[in-house]
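Colleague: structure of the sequence below:
(one chain, ligands or ions: 1)
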Amino acid sequence: MNEIKATLRDSKTARWMVLILVSFTMMCAYYLTDAMAPLQERLQANLSWSASDYGFFTSGYGWFNVFLLMLVFSGMILDKMGVRFTGILSIGIMLIGAAIKYWAISGHVQGMFELNILGWQAISSSAKSSVVAGFGFAIFGVGCEMFGIAANKAVVRWFRGKEMALAIGLNTSTGRIGTALAMFTPIPLVRMTGDISAPVLLALVLLCIGMLVFILFTVMDRKLDKEDADAGVAADEEFKFADILEIGKNRAFWYITTLCVLFYSAVFPFIKYAVNLMVQKFDISDSFAGYIPALLPFGALLLTPVFGNLFDKKGKGATIMIIGSILLVCVHLLFSIPSLNSFPIAIGLVILLGIAFSMVPAAMWPSIAKIIPHSKLGTAYAMTFWVQNWGLMGVPLLIGVVLDKYCITGTITKLVDGKEQVITQYNYMIPMLIFAFFGFLAIGFALLLKAEDRKKGYGLERPNIKE
Ligand SMILES: N[C@@H](Cc1c[nH]cn1)C(=O)NCC(=O)O
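Modeller: Residues are numbered from 1 along each chain as shown. Next up, the predicted model:
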(Lines give C-alpha, C1' and ligand atoms only; values in the text may rest on other atoms or scores of the structure.)
Protein backbone atom coordinates (compact mmCIF):
# COMPACT_ATOMS: atom_id res chain seq x y z
CA MET A 1 0.00 0.00 0.00
CA ASN A 2 1.28 3.51 -0.86
CA GLU A 3 1.99 5.61 2.19
CA ILE A 4 0.48 9.11 1.85
CA LYS A 5 3.05 11.69 2.97
CA ALA A 6 1.79 14.54 5.12
CA THR A 7 2.24 17.99 3.58
CA LEU A 8 2.08 21.51 4.97
CA ARG A 9 -1.62 21.41 4.11
CA ASP A 10 -2.10 18.71 6.75
CA SER A 11 -0.77 21.00 9.46
CA LYS A 12 -3.66 22.88 11.03
CA THR A 13 -1.36 25.74 12.05
CA ALA A 14 0.00 26.15 8.51
CA ARG A 15 -3.48 26.06 6.95
CA TRP A 16 -4.88 28.68 9.30
CA MET A 17 -1.75 30.81 8.96
CA VAL A 18 -2.31 30.84 5.19
CA LEU A 19 -5.90 31.86 5.74
CA ILE A 20 -4.86 34.77 7.98
CA LEU A 21 -2.33 36.05 5.42
CA VAL A 22 -4.70 35.85 2.43
CA SER A 23 -7.62 37.26 4.39
CA PHE A 24 -5.71 40.29 5.67
CA THR A 25 -5.06 41.42 2.10
CA MET A 26 -8.72 40.75 1.32
CA MET A 27 -9.69 43.06 4.18
CA CYS A 28 -7.52 45.87 2.78
CA ALA A 29 -9.06 45.42 -0.69
CA TYR A 30 -12.60 45.53 0.68
CA TYR A 31 -11.81 48.65 2.72
CA LEU A 32 -10.68 50.40 -0.44
CA THR A 33 -13.79 49.23 -2.32
CA ASP A 34 -16.19 51.02 0.00
CA ALA A 35 -14.09 53.77 1.59
CA MET A 36 -15.95 56.48 -0.35
CA ALA A 37 -19.46 55.16 0.30
CA PRO A 38 -20.08 57.22 3.47
CA LEU A 39 -18.90 60.36 1.65
CA GLN A 40 -21.77 60.52 -0.87
CA GLU A 41 -23.22 63.74 0.58
CA ARG A 42 -19.77 65.36 0.86
CA LEU A 43 -18.79 64.37 -2.67
CA GLN A 44 -22.03 65.88 -3.92
CA ALA A 45 -21.54 69.08 -1.94
CA ASN A 46 -17.74 69.55 -2.22
CA LEU A 47 -17.04 68.32 -5.75
CA SER A 48 -20.43 69.30 -7.28
CA TRP A 49 -21.36 65.69 -8.01
CA SER A 50 -25.03 64.78 -8.60
CA ALA A 51 -26.46 61.44 -7.37
CA SER A 52 -26.00 60.25 -10.98
CA ASP A 53 -22.30 61.27 -10.86
CA TYR A 54 -21.92 59.30 -7.64
CA GLY A 55 -23.73 56.33 -9.24
CA PHE A 56 -21.55 56.67 -12.35
CA PHE A 57 -18.34 56.71 -10.30
CA THR A 58 -19.54 53.72 -8.24
CA SER A 59 -20.45 51.75 -11.35
CA GLY A 60 -16.84 52.26 -12.53
CA TYR A 61 -15.86 49.21 -10.44
CA GLY A 62 -17.32 46.92 -13.11
CA TRP A 63 -16.57 48.77 -16.39
CA PHE A 64 -13.38 46.98 -17.44
CA ASN A 65 -14.34 43.70 -15.82
CA VAL A 66 -17.54 43.63 -17.82
CA PHE A 67 -16.80 45.33 -21.15
CA LEU A 68 -13.13 44.42 -21.59
CA LEU A 69 -13.81 40.91 -20.24
CA MET A 70 -11.01 41.52 -17.75
CA LEU A 71 -12.52 39.05 -15.31
CA VAL A 72 -12.47 36.29 -17.89
CA PHE A 73 -8.81 37.09 -18.61
CA SER A 74 -8.16 37.15 -14.85
CA GLY A 75 -9.58 33.62 -14.57
CA MET A 76 -7.37 32.44 -17.42
CA ILE A 77 -4.29 34.09 -15.86
CA LEU A 78 -5.15 32.47 -12.54
CA ASP A 79 -5.55 28.97 -13.94
CA LYS A 80 -2.44 29.36 -16.11
CA MET A 81 -0.07 31.26 -13.80
CA GLY A 82 -1.33 30.21 -10.37
CA VAL A 83 -2.43 32.04 -7.25
CA ARG A 84 0.94 33.55 -6.29
CA PHE A 85 1.56 35.41 -9.56
CA THR A 86 -2.10 36.40 -9.94
CA GLY A 87 -2.31 37.61 -6.35
CA ILE A 88 0.71 39.91 -6.65
CA LEU A 89 -0.41 41.18 -10.06
CA SER A 90 -3.89 41.94 -8.77
CA ILE A 91 -2.59 43.92 -5.77
CA GLY A 92 -0.38 45.97 -8.12
CA ILE A 93 -3.40 46.75 -10.31
CA MET A 94 -5.47 47.74 -7.27
CA LEU A 95 -2.73 50.13 -6.12
CA ILE A 96 -2.58 51.87 -9.53
CA GLY A 97 -6.39 52.22 -9.71
CA ALA A 98 -6.69 53.51 -6.17
CA ALA A 99 -3.89 56.05 -6.75
CA ILE A 100 -5.82 57.48 -9.75
CA LYS A 101 -9.00 57.62 -7.68
CA TYR A 102 -7.13 59.44 -4.91
CA TRP A 103 -5.70 61.96 -7.39
CA ALA A 104 -9.15 62.61 -8.88
CA ILE A 105 -10.87 63.44 -5.61
CA SER A 106 -8.01 65.34 -3.97
CA GLY A 107 -8.66 68.54 -5.92
CA HIS A 108 -6.49 67.90 -9.01
CA VAL A 109 -9.43 67.47 -11.38
CA GLN A 110 -11.89 70.33 -11.83
CA GLY A 111 -14.70 71.24 -14.21
CA MET A 112 -17.41 69.42 -16.10
CA PHE A 113 -17.19 66.67 -18.70
CA GLU A 114 -19.45 66.18 -21.73
CA LEU A 115 -19.12 63.70 -24.55
CA ASN A 116 -20.64 64.98 -27.80
CA ILE A 117 -20.78 62.72 -30.84
CA LEU A 118 -21.82 64.63 -34.00
CA GLY A 119 -23.66 67.17 -31.90
CA TRP A 120 -25.47 64.50 -29.87
CA GLN A 121 -24.70 64.61 -26.20
CA ALA A 122 -23.70 61.01 -25.50
CA ILE A 123 -22.89 61.59 -21.84
CA SER A 124 -24.84 64.20 -19.93
CA SER A 125 -22.71 66.82 -18.23
CA SER A 126 -20.81 65.16 -15.34
CA ALA A 127 -18.21 66.42 -12.88
CA LYS A 128 -14.80 65.60 -14.41
CA SER A 129 -13.56 64.38 -11.05
CA SER A 130 -16.29 61.71 -10.99
CA VAL A 131 -15.27 60.49 -14.46
CA VAL A 132 -11.54 60.28 -13.57
CA ALA A 133 -12.32 58.72 -10.17
CA GLY A 134 -14.58 56.23 -11.99
CA PHE A 135 -11.70 55.40 -14.35
CA GLY A 136 -9.40 54.75 -11.36
CA PHE A 137 -12.13 52.68 -9.71
CA ALA A 138 -12.48 50.67 -12.95
CA ILE A 139 -8.77 49.75 -12.82
CA PHE A 140 -9.04 49.03 -9.11
CA GLY A 141 -12.07 46.80 -9.80
CA VAL A 142 -10.02 44.66 -12.20
CA GLY A 143 -7.42 44.06 -9.48
CA CYS A 144 -9.94 43.55 -6.70
CA GLU A 145 -11.94 40.93 -8.59
CA MET A 146 -8.76 39.22 -9.76
CA PHE A 147 -7.60 39.08 -6.16
CA GLY A 148 -11.01 37.73 -5.06
CA ILE A 149 -10.86 34.72 -7.38
CA ALA A 150 -7.18 34.09 -6.58
CA ALA A 151 -7.92 34.18 -2.83
CA ASN A 152 -10.86 31.77 -3.23
CA LYS A 153 -8.72 29.37 -5.22
CA ALA A 154 -5.86 29.59 -2.72
CA VAL A 155 -8.20 28.82 0.17
CA VAL A 156 -9.80 25.89 -1.67
CA ARG A 157 -6.31 24.57 -2.47
CA TRP A 158 -5.26 24.58 1.19
CA PHE A 159 -8.59 23.45 2.71
CA ARG A 160 -10.05 20.97 0.20
CA GLY A 161 -11.48 17.92 2.02
CA LYS A 162 -11.00 19.77 5.31
CA GLU A 163 -12.82 22.83 6.68
CA MET A 164 -13.35 24.27 3.18
CA ALA A 165 -16.65 26.16 3.57
CA LEU A 166 -15.64 27.43 7.01
CA ALA A 167 -12.34 28.73 5.58
CA ILE A 168 -14.03 30.39 2.58
CA GLY A 169 -16.56 31.86 5.01
CA LEU A 170 -13.80 33.22 7.27
CA ASN A 171 -11.96 34.67 4.29
CA THR A 172 -15.13 36.45 3.15
CA SER A 173 -15.75 37.54 6.75
CA THR A 174 -12.38 39.23 6.96
CA GLY A 175 -13.32 41.08 3.80
CA ARG A 176 -16.44 42.18 5.65
CA ILE A 177 -14.26 43.70 8.43
CA GLY A 178 -12.84 45.90 5.67
CA THR A 179 -16.36 46.86 4.55
CA ALA A 180 -17.44 47.56 8.16
CA LEU A 181 -14.38 49.77 8.74
CA ALA A 182 -15.17 51.55 5.48
CA MET A 183 -18.64 52.39 6.80
CA PHE A 184 -17.63 54.22 9.97
CA THR A 185 -14.02 55.40 9.69
CA PRO A 186 -14.11 57.74 6.64
CA ILE A 187 -16.32 60.50 8.13
CA PRO A 188 -14.25 60.92 11.35
CA LEU A 189 -11.11 60.83 9.20
CA VAL A 190 -12.43 63.57 6.91
CA ARG A 191 -13.45 65.61 9.95
CA MET A 192 -10.01 65.20 11.50
CA THR A 193 -8.02 66.07 8.38
CA GLY A 194 -10.50 68.36 6.60
CA ASP A 195 -9.63 66.38 3.47
CA ILE A 196 -12.22 64.32 1.62
CA SER A 197 -9.55 62.11 0.03
CA ALA A 198 -7.91 61.08 3.35
CA PRO A 199 -9.78 57.74 3.62
CA VAL A 200 -8.53 56.69 0.17
CA LEU A 201 -4.96 57.60 1.14
CA LEU A 202 -5.24 55.52 4.32
CA ALA A 203 -6.65 52.64 2.27
CA LEU A 204 -3.71 52.88 -0.13
CA VAL A 205 -1.24 52.60 2.74
CA LEU A 206 -3.16 49.59 4.13
CA LEU A 207 -3.06 47.87 0.75
CA CYS A 208 0.73 48.33 0.57
CA ILE A 209 0.92 46.45 3.87
CA GLY A 210 -1.47 43.88 2.34
CA MET A 211 1.02 43.38 -0.50
CA LEU A 212 3.82 42.58 1.99
CA VAL A 213 1.57 40.16 3.87
CA PHE A 214 0.60 38.40 0.64
CA ILE A 215 4.28 37.94 -0.21
CA LEU A 216 4.58 35.91 3.04
CA PHE A 217 1.74 33.70 1.79
CA THR A 218 3.57 33.06 -1.49
CA VAL A 219 6.53 31.69 0.49
CA MET A 220 4.31 29.10 2.19
CA ASP A 221 2.43 28.27 -0.99
CA ARG A 222 5.67 27.65 -2.90
CA LYS A 223 6.73 25.24 -0.15
CA LEU A 224 3.43 23.37 -0.55
CA ASP A 225 4.00 23.13 -4.31
CA LYS A 226 7.35 21.49 -3.66
CA GLU A 227 5.89 19.07 -1.12
CA ASP A 228 3.06 18.17 -3.49
CA ALA A 229 5.57 17.53 -6.26
CA ASP A 230 7.69 15.32 -3.94
CA ALA A 231 4.58 13.45 -2.82
CA GLY A 232 3.61 12.88 -6.45
CA VAL A 233 0.42 14.97 -6.20
CA ALA A 234 -0.50 15.96 -9.76
CA ALA A 235 -0.25 19.69 -10.50
CA ASP A 236 -3.47 21.41 -11.56
CA GLU A 237 -4.32 21.13 -15.23
CA GLU A 238 -3.63 24.27 -17.27
CA PHE A 239 -6.41 26.51 -18.52
CA LYS A 240 -8.10 25.50 -21.78
CA PHE A 241 -10.77 27.46 -23.67
CA ALA A 242 -12.84 24.29 -23.66
CA ASP A 243 -13.15 24.79 -19.87
CA ILE A 244 -15.41 27.80 -20.43
CA LEU A 245 -17.67 25.73 -22.67
CA GLU A 246 -17.70 22.84 -20.24
CA ILE A 247 -18.54 25.05 -17.27
CA GLY A 248 -21.15 26.83 -19.42
CA LYS A 249 -22.93 23.53 -20.01
CA ASN A 250 -23.54 23.05 -16.29
CA ARG A 251 -27.09 24.21 -15.52
CA ALA A 252 -26.49 24.33 -11.73
CA PHE A 253 -23.55 26.67 -12.35
CA TRP A 254 -25.86 29.12 -14.15
CA TYR A 255 -28.44 28.93 -11.38
CA ILE A 256 -25.78 29.80 -8.79
CA THR A 257 -24.34 32.56 -10.99
CA THR A 258 -27.72 34.16 -11.66
CA LEU A 259 -28.59 33.93 -7.97
CA CYS A 260 -25.22 35.56 -7.27
CA VAL A 261 -25.76 38.59 -9.55
CA LEU A 262 -29.30 39.12 -8.27
CA PHE A 263 -28.45 38.74 -4.58
CA TYR A 264 -25.31 40.87 -4.67
CA SER A 265 -27.10 43.53 -6.77
CA ALA A 266 -29.38 44.00 -3.81
CA VAL A 267 -26.57 44.16 -1.24
CA PHE A 268 -23.36 45.82 -2.49
CA PRO A 269 -25.12 48.72 -4.29
CA PHE A 270 -27.33 49.09 -1.20
CA ILE A 271 -24.16 49.55 0.90
CA LYS A 272 -23.08 52.40 -1.41
CA TYR A 273 -26.24 54.38 -0.57
CA ALA A 274 -26.85 53.08 2.97
CA VAL A 275 -25.19 55.91 4.91
CA ASN A 276 -27.21 58.51 3.00
CA LEU A 277 -30.37 56.43 3.57
CA MET A 278 -29.69 56.44 7.32
CA VAL A 279 -29.23 60.22 7.37
CA GLN A 280 -32.16 61.08 5.14
CA LYS A 281 -34.81 58.46 5.93
CA PHE A 282 -34.02 57.62 9.55
CA ASP A 283 -32.83 61.10 10.50
CA ILE A 284 -29.61 59.75 12.03
CA SER A 285 -26.83 62.28 12.50
CA ASP A 286 -24.16 62.31 9.83
CA SER A 287 -21.37 61.53 12.32
CA PHE A 288 -23.18 58.43 13.63
CA ALA A 289 -24.91 57.24 10.44
CA GLY A 290 -22.00 55.05 9.26
CA TYR A 291 -22.19 52.87 12.37
CA ILE A 292 -25.62 51.47 11.39
CA PRO A 293 -24.74 50.11 7.91
CA ALA A 294 -21.47 48.89 9.48
CA LEU A 295 -23.63 46.43 11.45
CA LEU A 296 -24.39 44.72 8.15
CA PRO A 297 -20.87 43.56 7.28
CA PHE A 298 -20.09 43.25 11.00
CA GLY A 299 -23.01 40.82 11.47
CA ALA A 300 -21.99 39.02 8.29
CA LEU A 301 -18.43 38.75 9.52
CA LEU A 302 -19.57 36.91 12.65
CA LEU A 303 -22.20 34.74 11.00
CA THR A 304 -20.63 33.77 7.65
CA PRO A 305 -18.27 31.27 9.34
CA VAL A 306 -21.21 29.95 11.41
CA PHE A 307 -23.19 29.18 8.25
CA GLY A 308 -20.03 27.95 6.50
CA ASN A 309 -19.46 25.55 9.40
CA LEU A 310 -23.11 24.47 9.28
CA PHE A 311 -22.75 23.74 5.56
CA ASP A 312 -19.51 21.79 6.17
CA LYS A 313 -21.03 19.66 8.91
CA LYS A 314 -24.72 19.37 8.06
CA GLY A 315 -25.00 20.33 4.39
CA LYS A 316 -28.25 22.09 3.37
CA GLY A 317 -26.36 24.53 1.08
CA ALA A 318 -29.26 25.18 -1.33
CA THR A 319 -31.74 25.57 1.53
CA ILE A 320 -29.48 28.13 3.23
CA MET A 321 -29.42 30.16 -0.02
CA ILE A 322 -33.24 30.04 -0.31
CA ILE A 323 -33.75 31.27 3.27
CA GLY A 324 -31.11 34.02 2.83
CA SER A 325 -32.84 35.29 -0.31
CA ILE A 326 -36.26 35.34 1.37
CA LEU A 327 -34.79 37.35 4.25
CA LEU A 328 -33.28 39.82 1.76
CA VAL A 329 -36.67 40.51 0.14
CA CYS A 330 -38.38 41.01 3.51
CA VAL A 331 -35.73 43.51 4.63
CA HIS A 332 -35.85 45.65 1.48
CA LEU A 333 -39.66 45.66 1.42
CA LEU A 334 -39.67 46.91 5.01
CA PHE A 335 -37.01 49.53 4.17
CA SER A 336 -39.25 50.79 1.35
CA ILE A 337 -42.16 51.66 3.66
CA PRO A 338 -41.84 55.42 4.34
CA SER A 339 -43.55 55.33 7.75
CA LEU A 340 -41.05 52.76 9.11
CA ASN A 341 -38.41 55.38 9.86
CA SER A 342 -37.40 54.95 13.48
CA PHE A 343 -33.89 54.27 14.74
CA PRO A 344 -34.61 50.76 16.19
CA ILE A 345 -36.17 49.71 12.87
CA ALA A 346 -33.06 50.85 10.99
CA ILE A 347 -30.89 48.77 13.33
CA GLY A 348 -33.16 45.72 13.23
CA LEU A 349 -33.38 45.69 9.44
CA VAL A 350 -29.65 46.12 8.95
CA ILE A 351 -28.99 43.20 11.34
CA LEU A 352 -31.47 41.00 9.43
CA LEU A 353 -29.78 42.00 6.17
CA GLY A 354 -26.45 41.04 7.77
CA ILE A 355 -27.87 37.56 8.47
CA ALA A 356 -29.02 37.20 4.84
CA PHE A 357 -25.61 38.49 3.73
CA SER A 358 -23.97 35.70 5.73
CA MET A 359 -26.21 32.85 4.63
CA VAL A 360 -26.01 33.20 0.86
CA PRO A 361 -22.24 33.80 0.43
CA ALA A 362 -21.39 31.11 3.02
CA ALA A 363 -23.25 28.51 0.97
CA MET A 364 -22.77 29.92 -2.54
CA TRP A 365 -18.98 30.06 -2.93
CA PRO A 366 -18.30 26.54 -1.58
CA SER A 367 -21.20 25.23 -3.69
CA ILE A 368 -19.36 26.27 -6.85
CA ALA A 369 -16.38 24.26 -5.63
CA LYS A 370 -18.74 21.27 -5.23
CA ILE A 371 -20.09 21.33 -8.77
CA ILE A 372 -16.94 22.35 -10.71
CA PRO A 373 -13.61 20.40 -10.74
CA HIS A 374 -10.74 22.14 -8.93
CA SER A 375 -8.68 22.60 -12.11
CA LYS A 376 -11.45 24.74 -13.60
CA LEU A 377 -12.35 26.56 -10.41
CA GLY A 378 -10.43 29.76 -11.21
CA THR A 379 -12.26 30.04 -14.52
CA ALA A 380 -15.59 29.18 -12.89
CA TYR A 381 -15.23 31.81 -10.14
CA ALA A 382 -14.14 34.31 -12.79
CA MET A 383 -17.24 33.59 -14.89
CA THR A 384 -19.50 34.01 -11.84
CA PHE A 385 -17.74 37.26 -10.84
CA TRP A 386 -18.05 38.49 -14.43
CA VAL A 387 -21.81 38.08 -14.43
CA GLN A 388 -21.94 39.54 -10.91
CA ASN A 389 -20.02 42.61 -12.13
CA TRP A 390 -22.87 43.51 -14.50
CA GLY A 391 -24.92 44.04 -11.37
CA LEU A 392 -22.15 45.81 -9.44
CA MET A 393 -21.74 48.12 -12.42
CA GLY A 394 -25.33 48.65 -13.56
CA VAL A 395 -27.28 48.78 -10.33
CA PRO A 396 -25.50 51.68 -8.55
CA LEU A 397 -25.82 53.70 -11.76
CA LEU A 398 -29.50 52.78 -12.04
CA ILE A 399 -30.11 53.80 -8.42
CA GLY A 400 -28.24 57.11 -8.89
CA VAL A 401 -30.30 57.97 -11.98
CA VAL A 402 -33.57 56.89 -10.31
CA LEU A 403 -32.72 59.05 -7.26
CA ASP A 404 -32.08 62.12 -9.44
CA LYS A 405 -35.13 61.56 -11.66
CA TYR A 406 -37.86 60.29 -9.36
CA CYS A 407 -36.86 60.63 -5.72
CA ILE A 408 -35.78 64.24 -5.04
CA THR A 409 -38.01 65.73 -2.35
CA GLY A 410 -36.21 69.08 -1.95
CA THR A 411 -32.98 70.61 -0.65
CA ILE A 412 -31.83 71.74 2.77
CA THR A 413 -28.92 73.90 3.84
CA LYS A 414 -26.86 72.49 6.66
CA LEU A 415 -23.47 72.81 8.27
CA VAL A 416 -21.14 70.05 7.02
CA ASP A 417 -17.53 70.03 8.31
CA GLY A 418 -17.94 73.67 9.37
CA LYS A 419 -19.25 74.87 5.98
CA GLU A 420 -22.83 75.70 4.93
CA GLN A 421 -23.74 73.19 2.20
CA VAL A 422 -26.87 72.71 0.09
CA ILE A 423 -27.88 69.05 0.46
CA THR A 424 -30.37 67.35 -1.89
CA GLN A 425 -32.99 65.24 -0.11
CA TYR A 426 -34.26 61.89 -1.48
CA ASN A 427 -37.11 59.48 -0.81
CA TYR A 428 -35.54 56.01 -0.99
CA MET A 429 -38.79 54.03 -1.54
CA ILE A 430 -38.25 53.22 -5.26
CA PRO A 431 -34.60 52.16 -4.86
CA MET A 432 -35.61 49.81 -2.02
CA LEU A 433 -38.37 48.29 -4.15
CA ILE A 434 -35.82 47.75 -6.94
CA PHE A 435 -33.54 45.91 -4.47
CA ALA A 436 -36.50 43.82 -3.25
CA PHE A 437 -37.33 42.86 -6.83
CA PHE A 438 -33.78 41.52 -7.34
CA GLY A 439 -34.14 39.50 -4.14
CA PHE A 440 -37.46 38.10 -5.30
CA LEU A 441 -35.89 36.81 -8.52
CA ALA A 442 -32.98 35.41 -6.45
CA ILE A 443 -35.42 33.21 -4.50
CA GLY A 444 -36.60 31.69 -7.81
CA PHE A 445 -33.04 30.77 -8.85
CA ALA A 446 -32.22 29.32 -5.42
CA LEU A 447 -35.29 27.06 -5.73
CA LEU A 448 -34.24 26.00 -9.25
CA LEU A 449 -30.76 25.18 -7.89
CA LYS A 450 -32.19 22.97 -5.16
CA ALA A 451 -34.30 21.08 -7.72
CA GLU A 452 -31.27 20.66 -10.04
CA ASP A 453 -29.15 19.39 -7.16
CA ARG A 454 -31.81 16.80 -6.32
CA LYS A 455 -31.86 15.71 -9.98
CA LYS A 456 -28.07 15.59 -10.55
CA GLY A 457 -26.89 14.65 -7.07
CA TYR A 458 -24.17 17.32 -6.65
CA GLY A 459 -24.45 16.95 -2.89
CA LEU A 460 -25.21 20.61 -2.14
CA GLU A 461 -27.51 19.47 0.63
CA ARG A 462 -24.90 17.06 2.00
CA PRO A 463 -22.00 17.92 4.39
CA ASN A 464 -18.57 18.87 2.94
CA ILE A 465 -16.39 17.30 5.60
CA LYS A 466 -15.38 13.73 4.87
CA GLU A 467 -15.23 11.99 8.26
N1 LIG B 1 -16.83 39.86 -6.60
C2 LIG B 1 -16.68 40.28 -5.22
C3 LIG B 1 -17.32 41.61 -5.09
C4 LIG B 1 -16.66 42.52 -4.10
C5 LIG B 1 -17.26 43.39 -3.30
N6 LIG B 1 -16.33 44.00 -2.56
C7 LIG B 1 -15.20 43.53 -2.93
N8 LIG B 1 -15.41 42.63 -3.86
C9 LIG B 1 -17.34 39.27 -4.36
O10 LIG B 1 -18.44 38.86 -4.61
N11 LIG B 1 -16.70 38.78 -3.33
C12 LIG B 1 -17.24 37.77 -2.47
C13 LIG B 1 -18.07 38.34 -1.36
O14 LIG B 1 -19.00 37.64 -0.89
O15 LIG B 1 -17.81 39.47 -0.94
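
Colleague: so where's the stretch 151-300 of the chain shaky on pLDDT?
Modeller: 234-239 (pLDDT under 70).

Colleague: spell out which parts of it neighbour the ligand.
Modeller: 172, 175, 264, 268 (C-beta under 6 Å from any ligand atom). Backbone N, C-alpha and C define where each C-beta goes, glycine included.

Colleague: let's see it at 5 Å
Modeller: When proximity is defined by C-beta under 5 Å from any ligand atom, the stretch 151-300 of the chain lies next to the ligand at T172.

Colleague: over to the stretch 351-467 of the chain?
Modeller: Close to the ligand, as judged by C-beta under 5 Å from any ligand atom, the stretch 351-467 of the chain has residues 361, 385.

Colleague: if we go to 6 Å?
Modeller: Near the ligand, when you scan the stretch 351-467 of the chain using C-beta under 6 Å from any ligand atom, you find 361, 385, 388.

Colleague: from the residues you listed, which would you call buried?
Modeller: With burial judged by 16 or more other C-beta atoms under 10 Å, the buried subset of these is 361, 385, 388.

Colleague: element containing the last one, please.
Modeller: Right, the one you point to is Q388. In the assignment (DSSP states H and E), Q388 maps to helix 377-406.

Colleague: and if you look at the first one?
Modeller: Counting by DSSP H and E, the element that carries P361 is helix 343-371.

Colleague: the one residue in the stretch 351-467 of the chain that gets nearest to the ligand: what's it in contact with?
Modeller: Residue of the stretch 351-467 of the chain nearest the ligand, by C-beta to the nearest ligand atom: P361 (4.0 Å). Counting by C-beta atoms under 8 Å, 6 or more residues apart in numbering, P361 makes contact with 169, 172, 300, 304.

Colleague: now do 6 Å
Modeller: T172 (C-beta atoms under 6 Å, 6 or more residues apart in numbering).

Colleague: distance of F147 relative to I284?
Modeller: Using C-beta to C-beta, to the nearest Å, one gets 33 Å for the distance from F147 to I284.

Colleague: looking at the two, which is more packed in?
Modeller: F147 (28 against 19; other C-beta atoms under 10 Å).

Colleague: now the helix holding Q388: buried residues?
Modeller: Residues of helix 377-406 classed as buried: 377-389, 391-404 (neighbour count, 16+ other C-beta under 10 Å).

Colleague: the helix holding P361 versus helix 377-406: what angle between them?
Modeller: 150 degrees (axes from the mean of the first three to the mean of the last three C-alpha atoms, to 10 degrees).

Colleague: from the chain's centroid, how far away is helix 343-371?
Modeller: Counting by C-alpha atoms, centre = their mean, to the nearest Å, helix 343-371 is centred 13 Å from the centre of its parent chain.

Colleague: name the residues of it that are buried.
Modeller: 345-347, 349-371.

Colleague: likewise stretch 68-86?
Modeller: For stretch 68-86, the neighbour count (16+ other C-beta under 10 Å) marks 70-72, 74-79, 81-84, 86 as buried.

Colleague: assign a three-state SS to T409, would you?
Modeller: With DSSP: H, G, I helix; E, B strand; the rest coil as the basis, T409 sits in strand.

Colleague: that one - nearest residue in space that isn't next to it in sequence?
Modeller: Leaving aside its chain neighbours, T409 sits nearest to Q425 (4.8 Å; criterion: C-beta to C-beta, 6 or more residues apart in numbering).

Colleague: the strand or helix carrying the one you found pairs with which strands?
Modeller: Assigned by DSSP H and E, Q425 belongs to strand 419-426. Its sheet considered, strand 419-426 pairs with strand 408-416 (antiparallel) by DSSP bridges.

Colleague: if we can go back for a sec, tell me how many other residues crowd the residue nearest to T409.
Modeller: Number of residues near Q425 (other C-beta under 10 Å) recorded here: 14.

Colleague: hmm, back to that, give the buried residues for the strand holding Q425.
Modeller: 423-424, 426.

Colleague: picking up where we left off before, distance to M432 and pLDDT added to the buried ones among the residues of the stretch 351-467 of the chain next to the ligand, as a markdown table?
Modeller: Compiled in a markdown table, these are given as follows (distance: C-beta to C-beta, whole Å; pLDDT from 0 to 100):
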| residue | distance to M432 | pLDDT |
| --- | --- | --- |
| P361 | 21 | 93 |
| F385 | 26 | 92 |
| Q388 | 21 | 95 |
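
Colleague: and D404, what does it touch?
Modeller: Shown in contact with D404 (C-beta under 6 Å, 6+ apart): 50-52.

Colleague: scan those and report the most crowded one.
Modeller: For those, neighbours tallied by other C-beta under 10 Å; top is A51, 22 neighbours.

Colleague: how far away is it from the ligand?
Modeller: Between A51 and the ligand the distance, using C-beta to the nearest ligand atom, to the nearest Å, works out to 21 Å.

Colleague: thought that residue was touching L403?
Modeller: Yes. Shown here, A51 and L403 form a contact pair, counting by C-beta atoms under 6 Å, at 4.2 Å.

Colleague: now the residue nearest to the spatial centre of the chain, what are its backbone angles?
Modeller: With distances taken as C-alpha atoms, centre = their mean, the residue of the chain nearest its centroid is F268 (6.4 Å). Main-chain torsions, F268, degrees, to the nearest 10: phi -60, psi -50.

Colleague: ok, now how distant is it from L189?
Modeller: On the measure of C-beta to C-beta, F268 and L189 end up 22 Å apart.

Colleague: and if you look at S339?
Modeller: For S339 relative to L189 (C-beta to C-beta), the value is 35 Å.

Colleague: out of those two, which sits in the more crowded spot?
Modeller: Neighbours were counted for S339 and for L189 using other C-beta under 10 Å; L189 has more, 19 against 6.

Colleague: state the phi and psi torsions of the more buried one.
Modeller: Dihedral pair for L189: phi -70, psi -40, per degrees, to the nearest 10.
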